[in-house]
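# test case, fold it:
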Amino acid sequence: MTKYNTFLTVFIVSVVALVIFLIVYLQAIFGLVFTLDQLKGDEPSPFLVLSTIFSPAVIISGIILGISSLTYRILGIVYVAKSKTAGDGEKALWIIGFILMGFVAAIVFLIMAKGRKFVE
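Next up, the predicted model:
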């Protein structure tokens, strides 16, 4: 597998994990609101609230999202730092971009990577 395909695969996994995380988390929040509405003024137990918000699906998708996001940022930084075609100033901008705006920098990197020979 080439470096570009590795980066692309990890980025796609990250995007899918983000979508799943958002869906599961919103479902948990709406489920909590529905549950609290059915209690009709009774004080909910803290365990009920925490177990609804931090369900296993939310935790697992959040962990996968975090790991894959960190992985594609690190891969992008390493690929740019090892590139012989980019100048030092450009490398610094790419690294700052991956640190501060990882998602946007990854999309731009995927578009420009093959033409700029960042990856082989």
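# does the residue nearest to the spatial centre of the chain count as helix, strand or coil?
Ranked by distance to the mean C-alpha position of the chain (Cα atoms, centre = their mean), the top residue is residue 69 at 3.9 Å. Of the three states, residue 69 takes helix under DSSP: H, G, I helix; E, B strand; the rest coil.
# how about residues contacting stretch 97-116?
4, 7-8, 11, 69, 72-73, 76-77, 79-80, 83, 85-86, 94, 118-119 (Cβ atoms under 8 Å, 6 or more residues apart in numbering). (C-beta placed from N, C-alpha, C; glycine too.)
# please flag which of those residues sit within helices.
4, 7-8, 11, 69, 72-73, 76-77, 79-80, 94 (DSSP state H).
# narrow these to just the buried residues.
4, 7-8, 11, 69, 72-73, 76-77, 79-80, 94 (16 or more other Cβ atoms under 10 Å).
# would you map the strands across this structure?
In the chain, no segments count as strands under DSSP state E.
# residue ranges with poor pLDDT in it?
Scanning the chain for pLDDT under 70 picks out 1, 116-120.
# the same query, at a cut-off of 90, please.
1-8, 28-58, 76, 79-91, 93-94, 102-103, 105-106, 108-120 (pLDDT under 90).
# quick check: residue 31 vs residue 2, distance?
43 Å (Cβ to Cβ, to the nearest Å).
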